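Structure, please.
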Amino acid sequence: MVRQLFTLFASFFRIGCFTFGGGYAMIPIIQREMIDRRRWVEAEEFIDLLAVAQSAPGPMAVNVSILVGYKILGTRGAVAAFFGTVLPSFVILLGVAIFFSRINENPTVRSIFNGMRPAVVALILQPVFSFARGMKYWEYGVFILLAGAIWLGLSPVWCIAGGILVGVGRAWWTTKRFNGK
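From the prediction side, this is the model:
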């Protein structure tokens with residue numbers, strides 16, 4: 001049990017150490033580690049975990065780690081995965097806060113962070129396109145419509161509310177149609 005907890009902690013610690021750009025940038029790395037390498041969750045289950053993690057309050061990467069940890073080893077696994085995910089960021093932010101005045105105006109540091117921006121955008125877009133491949137054709141239109149609405153400044157709250165209404169309407173329509181009522 002202790003070895004499994006350490007493995008879970010170490011996996012999420014490694015993910016937390018080598019991921020920049022927040023939760024969405026962590027998705028492909030978490031996906032590779034949890035599905036491909038460790039085989040702790042199935043691909044479809046991972047998508048469900050992402051949906052739950054996105055709807056829960058808090059950082060998505062932390063929520064995913066807690067859900068995966070809980071699935072694998074219960075409450076202890078959730079705690080181990082949580083600390084594995086959060087500890088690298090905490091240590092890095094603590095170091096940055098301590099030495100911020102020294103590195104704030106350093107042109108090399110600025111160049112490094114400016115260089116990371118395109119990579120972070122690519123890391124965020126990769127899972128979007130990966131998940132979009134599994135969509136049915138009509139869902140592409142909905143996906144593009146929602147992406148465009150968000151891009152143009154429509155509040156994500158309205159997009160979520162509209163998605164809920166479409167989902168409930170589709171479920172009602174499908175149930176009514178197949179039950180012959």
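
Can you find the helix or strand in this structure with the smallest mean pLDDT?
Across the helices and strands of the chain, mean pLDDT, DSSP states H and E gives its lowest value to helix 137-151, namely a mean of 70.

same question for the helix or strand just after it, mean pLDDT?
Downstream of helix 137-151, the next assigned helix or strand under DSSP states H and E is helix 156-179. Throughout helix 156-179, pLDDT has a mean value of 78.

now do stretch 11-18
88.

What ranges does this structure have for its helices?
Per DSSP state H, the chain carries helices over the ranges 2-17, 23-31, 43-55, 60-103, 107-132, 137-151, 156-179.

Which of the ones you listed sits closest to R37?
If you check each of the helices of the chain against R37 by CB to CB, helix 2-17 wins as the nearest, at 8.3 Å. C-beta coordinates here come from the backbone N, C-alpha and C atoms, glycine included.

Would you indicate which residues of the closest one are buried?
For helix 2-17, a neighbour-count test (16 or more other CB atoms under 10 Å) marks 5, 7-9, 11-13, 15-16 as buried.

Also stretch 77-96?
For stretch 77-96, burial by neighbour count (16+ other CB under 10 Å) applies to 77-86, 88-89.

now could you export just the CA positions of it as CSV?
The C-alpha trace of stretch 77-96 is given here as CSV (Å, rounded to 0.1, in the frame of the first residue of the first chain):
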residue,chain,number,x,y,z
GLY,A,77,-4.6,7.9,-3.0
ALA,A,78,-6.5,11.2,-3.4
VAL,A,79,-4.3,12.8,-0.8
ALA,A,80,-1.1,11.4,-2.2
ALA,A,81,-2.0,12.5,-5.8
PHE,A,82,-3.0,16.0,-4.5
PHE,A,83,0.3,16.6,-2.7
GLY,A,84,2.2,15.2,-5.7
THR,A,85,0.5,17.7,-8.0
VAL,A,86,0.6,20.7,-5.7
LEU,A,87,4.1,20.4,-4.1
PRO,A,88,6.2,21.3,-7.2
SER,A,89,4.2,24.4,-7.9
PHE,A,90,4.3,25.4,-4.2
VAL,A,91,8.0,25.1,-4.0
ILE,A,92,8.6,26.9,-7.3
LEU,A,93,6.2,29.8,-6.3
LEU,A,94,7.9,30.0,-2.9
GLY,A,95,11.3,30.3,-4.6
VAL,A,96,10.0,32.9,-7.1
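
Right, I'll leave it there.
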